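Chemist: kindly return the folded structure for what I paste below:
(chains A and B)
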There are 2 protein chains.
Amino acid sequence: MTPSSLQNLIQALRVLPGIGPKSATRMAYHLIQRDQAGAEKLVLAIGQALAKLQHCQCCNTFTEREICEICADEKRDQKQLCVVEMPTDLLMLERTLAFHGRYFVLMGRLSPLDGIGPKDIALDALLKRASDGVIEEVILATNFTTEGEATAHYLTEMLHSRGLRVSRIARGLPVGGELEHVDPGTLAQAMVERRPL
Amino acid sequence: MTPSSLQNLIQALRVLPGIGPKSATRMAYHLIQRDQAGAEKLVLAIGQALAKLQHCQCCNTFTEREICEICADEKRDQKQLCVVEMPTDLLMLERTLAFHGRYFVLMGRLSPLDGIGPKDIALDALLKRASDGVIEEVILATNFTTEGEATAHYLTEMLHSRGLRVSRIARGLPVGGELEHVDPGTLAQAMVERRPL
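Modeler: Below you'll find the predicted structure:
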C-alpha cells in the first residue's frame, strides 16, 4: 500500500545511526510533506561531502585538502601527539586552548560488540605517525567510556612496545564540581588518582 | 577547522525532524566514515521520492499515481469516510481489517505551537471530499493527543455545519488491558464514555 519510492526512502534513511523504522518513517513524511527544499539541500550536501572529504594524510581527520589546517600549521608543537576518537573531540580540545601540539584522530574506538576491532580504526597509521622520531609524548584523550578506556589500554601497550612515552588525560571531578553531586565512581577514581601538591 | 562540505552536511541533516546539532554531527561522520554506500543510496532514494510521490487526488495520501490503490478499489464502502492524521495511521487501521470504507489523510494535525493552522492541513480538500453527496458518515480517527483532539473538535464543528454525520473512534482500555495497569486518565475516560450493554 505504501508506494515503493516512499518505502525505499524510509529504508534508505535507516542507514543513519540510531534511526529505527518509526523515526525513518517520520523523517520521510517530513521531507516529502513539509520540507522538499530541505530534502534537496540534503541530497546536495551528501553528494558534496562524499566528493570532497578525505582523511588528512597526517592526522586522519576529515579535510578537503591532503593535509589539514592544524597539521599544516608549523607553529604547533611537533613533539606532542594527542590521540582522540573523533574530530568532534579534537574540536573540543582546541576550544580549551590548552594544547598546542599535534593530533591524531582514530575515527572510532575499539568496540568488539559493534564489530570494531584494531583493523577498523586507524591504528597502523597512528603507529607510523607516532614513530616519526620527532614525537616525544603521546597523550591519549579517548573517552572515559568502557570502549575508550579499552582503546587507551590497547594503545598504551602498543606504543610502549615501541619505546614511546604515553600519558592519559586526567580523570576526576569537573572544575566547579562538588563532592556531594558527583557520582561515586568518579569520586573514587579522583581519590585513587590524587595528585601530590 | 571543520571543512565546509562537512559543515554543510551537518547543517543539511538538521532538516530531519528531531535531529539537533549533536545527532547531525554523529550522522555526518557515520555516513562519510562508515557507510558511503548507504549515503549514496540515501541520495538516490530522496531524489526518487521527491520526483515520484504525489498526493492522491481523492484521499490526499502519498501515491505514485493520481489515485491511490484504496481509492481506486471499487469494492470499498463509499458511504464511510475515515479521517486520519498520517499515512501510517491509515496503514495501522488497514492492518486491523475492521474498516472497509474510504480514507482521508490530513497529512498533519492542527498544532498552533508548531505553526500548523487550518490552512496547513488538507481541510478544504476534506470538506470537498466529504460533501460529495455519497459519504454518509465521517469517522474521525485522529490521535487522542491534545493536537489530535483539537483537530477532531475543529473538524466536528466544520462537518456538522454542512449537515454531515460525524463519529469518533472509541477511547478506553486496551484489549487485554487491566484496570490496575492503566493510567488514571484513560480509566476515567473509560468510565465517562461507558457503553450501555
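
Chemist: which helix is the longest one in chain A?
Modeler: In chain A, with assignment by DSSP state H, the single longest helix is helix A:36-52.

Chemist: please name the strands paired to whichever helix or strand comes after it in the sheet, noting orientation.
Modeler: Next in sequence after helix A:36-52, counting helices and strands by DSSP states H and E, comes strand A:54-55. Sheet neighbours of strand A:54-55, with direction, are listed as strand A:62-63 (antiparallel) (DSSP bridges).

Chemist: contacting residues around the strand it pairs with?
Modeler: Contact partners of strand A:62-63, identified using CB atoms under 8 Å, 6 or more residues apart in numbering or on different chains, comprise A:53-56, A:69, A:87, B:2-3, B:6, B:29, B:32. Just so you know, the C-beta spots here come from the backbone N, C-alpha and C atoms, and that holds for glycine as well.

Chemist: could those residues go into TSV alongside pLDDT?
Modeler: Written out in TSV, the entries for the contacts of strand A:62-63 read as follows (pLDDT from 0 to 100):
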residue	pLDDT
A:Leu53	95
A:Gln54	94
A:His55	94
A:Cys56	95
A:Glu69	92
A:Pro87	91
B:Thr2	85
B:Pro3	90
B:Leu6	94
B:Tyr29	93
B:Ile32	93
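
Chemist: closest to A:Ala141 out of those residues?
Modeler: Distance ranking of those against A:Ala141, using CB to CB, places A:Pro87 first at 12.6 Å.

Chemist: can you show me the strands along chain A?
Modeler: Shown for chain A, the strands assigned by DSSP state E span residues A:54-55, A:62-63, A:80-84, A:102-105, A:137-140, A:165-168.

Chemist: buried set for the last one?
Modeler: For strand A:165-168, a neighbour-count test (16 or more other CB atoms under 10 Å in any protein chain shown) marks A:166, A:168 as buried.

Chemist: ok, residues contacting that strand?
Modeler: Strand A:165-168 is touched from outside by A:136-141, A:152, A:155-156, A:159-160, with contacts defined as CB under 8 Å, 6+ apart.

Chemist: now that strand, how far from the chain's geometric center?
Modeler: The gap between the average C-alpha position of strand A:165-168 and the chain average comes to 18 Å, counting by CA atoms, centre = their mean, to the nearest Å.

Chemist: direction included, what does it pair against?
Modeler: Each strand that strand A:165-168 pairs with, and the sense of that pairing, follows from DSSP bridges: strand A:137-140 (parallel).

Chemist: follow-up on the earlier one: now, of the contacts of strand A:62-63, which are buried?
Modeler: Buried by 16+ other CB under 10 Å: A:53, A:55-56, A:87, B:2-3, B:6, B:29, B:32, out of those.

Chemist: would CSV of those with distance to A:Lys128 be doable?
Modeler: CSV is the format used below for the buried ones among the contacts of strand A:62-63 (distance: CB to CB, whole Å):
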residue, distance to A:Lys128
A:Leu53, 22
A:His55, 13
A:Cys56, 14
A:Pro87, 20
B:Thr2, 25
B:Pro3, 23
B:Leu6, 25
B:Tyr29, 23
B:Ile32, 22
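
Chemist: give me the local confidence score for the residue nearest to A:Leu42 when sequence neighbours are not counted.
Modeler: For A:Leu42, ignoring the flanking residues on the chain, the nearest one in space by CB to CB, 6 or more residues apart in numbering or on different chains is B:Ala12 at 4.4 Å. B:Ala12 carries a pLDDT value of 96.

Chemist: packing partners of the longest helix of chain A?
Modeler: Packing contacts for helix A:36-52, counted by 3 or more CB pairs under 8 Å, 6 or more residues apart in numbering or on different chains; DSSP states H and E, involve helix B:4-13, helix B:36-52.

Chemist: which among the contacts of strand A:165-168 end up buried?
Modeler: Judged by 16+ other CB under 10 Å, buried ones among these: A:138-141, A:152, A:155-156, A:159.

Chemist: what about A:Thr146, neighbour count?
Modeler: Residues near A:Thr146, counting by other CB atoms under 10 Å in any protein chain shown, number 12.

Chemist: local confidence estimate at it?
Modeler: At A:Thr146, the model reports a pLDDT of 89.

Chemist: gap between it and A:Asp114?
Modeler: 12 Å (CB to CB, to the nearest Å).

Chemist: can you give me the helices in chain A?
Modeler: Taking DSSP H as the criterion, chain A carries its helices at A:4-13, A:21-29, A:36-52, A:69-72, A:87-96, A:123-130, A:146-160, A:184-192.

Chemist: is the fifth one in proximity to chain B?
Modeler: Yes - with CB under 8 Å from any CB of the partner chain as the threshold, helix A:87-96 lies in contact with chain B, specifically through A:87-88, A:90-91, A:94.

Chemist: now that helix - C-alpha only, CSV.
Modeler: As requested, the backbone C-alpha atoms of helix A:87-96 are provided in CSV (Å, rounded to 0.1, in the frame of the first residue of the first chain):
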residue,chain,number,x,y,z
PRO,A,87,37.0,15.0,15.0
THR,A,88,34.5,16.5,17.5
ASP,A,89,36.8,15.6,20.3
LEU,A,90,39.6,17.4,18.5
LEU,A,91,37.4,20.5,18.2
MET,A,92,36.5,20.4,21.9
LEU,A,93,40.2,20.3,22.9
GLU,A,94,41.0,23.1,20.5
ARG,A,95,38.3,25.2,22.1
THR,A,96,40.2,24.8,25.5
